[in-house]
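Asker: Based on what follows, work out the 3D shape:
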Amino acid sequence: MAMARFKDLVLDAVDAQLLGRFWAQALRLDWHVQDNGDGWLSGPTPRHTIWINQVPEPITAKNRVHFDVYVTSLAELEALGATVVESQSRWTVMADPEGTLFCAFLRDEVPPDRLHGLVVDSADPVAIATWWAGVFHAPVEISPQGWATVSEIPGIPMLTLDFNPVPEPKTVKNRVHWDVEATDVGLLVDAGATLLRPQGSDLDWHVLADPQGNEFCAFS
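Answerer: Numbering: from 1, shown residues only. Below you'll find the model as predicted:
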């Protein structure tokens with residue numbers, strides 16, 4: 001039985017309107033701006049929602065959570081303001097207009113959902129992938145190369161949640177995180193999550209961290 005359900009994604013930005021417009025065009029979603037400067041991207045279902053939250057702190061380290069996207073050409077993304085960082089055999093590492101890294105996968109034809117996957121850097125991918133597979137009650141695939149993938153997550157607007165091995169530790173708050181819906185946040189805490197900030201008068205959700213410190217929000 002699942003302890004939580006996937007709700008949506010959240011991206012931090014110094015300039016929410018700048019990144020909102022970029023990612024709306026890159027992912028073929030609709031951009032909506034709020035009076036406070038924040039905004040959200042919407043798509044064919046509520047699960048396609050990506051919130052763009054304005055934050056004061058700029059990027060100071062490589063983001064440990066990044067998007068994998070399908071695209072027909074890198075020039076298309078460069079025209080929107082992205083830059084090429086590093087070319088790999090199967091993908092290209094790029095940075096959005098604020099420097100948030102993501103990976104672009106070239107295809108002759110792209111599917112309607114251009115967001116292919118969400119990748120999380122980790123010191124122990126197998127352990128944290130297994131943890132999230134338990135939270136979502138979804139299957140996990142463990143690779144001999146050290147990475148692990150959670151797939152078939154109900155309601156997720158992408159194919160996979162991938163955990164990638166990296167040597168460097170987590171030092172700053174993730175600039176990309178996901179929200180979940182949970183009927184009992186206590187089950188997540190009992191399973192190993194840490195409650196960072198409880199729901200209160202000025203907060204409509206609980207802020208937690210998974211066993212490896214990745215922040216996420218739980219809506220009751």
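Asker: Name all residues that make contact with Ala191.
Answerer: Applying CB atoms under 8 Å, 6 or more residues apart in numbering, one finds that Ala191 lies in contact with 3, 131, 134-135. All C-beta atoms are positioned from the backbone trio N, CA, C, and that covers glycine.
Asker: Please identify which of these is nearest to Leu188.
Answerer: The closest of the contacts of Ala191 to Leu188 turns out to be Met3 (CB to CB; 5.7 Å).
Asker: Tally up the residues packed near that closest one, please.
Answerer: When neighbours are defined as other CB atoms under 10 Å, Met3 has 20 of them.
Asker: re the thing from before, now, the contacts of Ala191 that are in helices?
Answerer: If you go by DSSP state H, the contacts of Ala191 have 131, 134-135 in helices.
Asker: which one of those residues sits closest to Glu168?
Answerer: Set against Glu168, the nearest of these by CB to CB is Trp131 (20.4 Å).
Asker: I'd guessed the closest one sits against Leu188; true?
Answerer: No: using CB atoms under 8 Å, Trp131 is not in contact with Leu188; the gap is 10.1 Å.
Asker: All the helices of this structure, residue numbers only.
Answerer: With DSSP H as the criterion, the chain has helices at 16-27, 74-80, 125-136, 185-191.
Asker: Reformat these into JSON lines and put mean pLDDT next to each item.
Answerer: Shown next, in JSON lines, are the helices of the chain (pLDDT from 0 to 100):
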{"stretch": "helix 16-27", "mean pLDDT": "97"}
{"stretch": "helix 74-80", "mean pLDDT": "97"}
{"stretch": "helix 125-136", "mean pLDDT": "98"}
{"stretch": "helix 185-191", "mean pLDDT": "98"}
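Asker: And the pLDDT for Lys62?
Answerer: Reading off the confidence values, Lys62 has pLDDT 94.
Asker: got a list of what it touches?
Answerer: 101, 121, 168.
Asker: Can you select the buried ones among those residues for me in ChimeraX?
Answerer: Burial among these is assessed by 16 or more other CB atoms under 10 Å; the matching ChimeraX selection reads:
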select :101,121
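Asker: In strands, which of the contacts of Lys62 appear?
Answerer: Counting by DSSP state E, the contacts of Lys62 place 101, 121 in strands.
Asker: Output the contacts of Lys62 in CSV; the columns should cover distance to Arg197.
Answerer: Shown next, in CSV, are these (distance: CB to CB, whole Å):
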residue, distance to Arg197
Leu101, 27
Asp121, 23
Glu168, 26
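Asker: List just the nearest of the contacts of Lys62 to Thr160.
Answerer: Asp121 (15.1 Å).
Asker: Find the nearest non-adjacent residue to Leu203, please.
Answerer: Excluding the flanking residues, the one nearest Leu203 by CB to CB, 6 or more residues apart in numbering is Arg197, at 6.6 Å.
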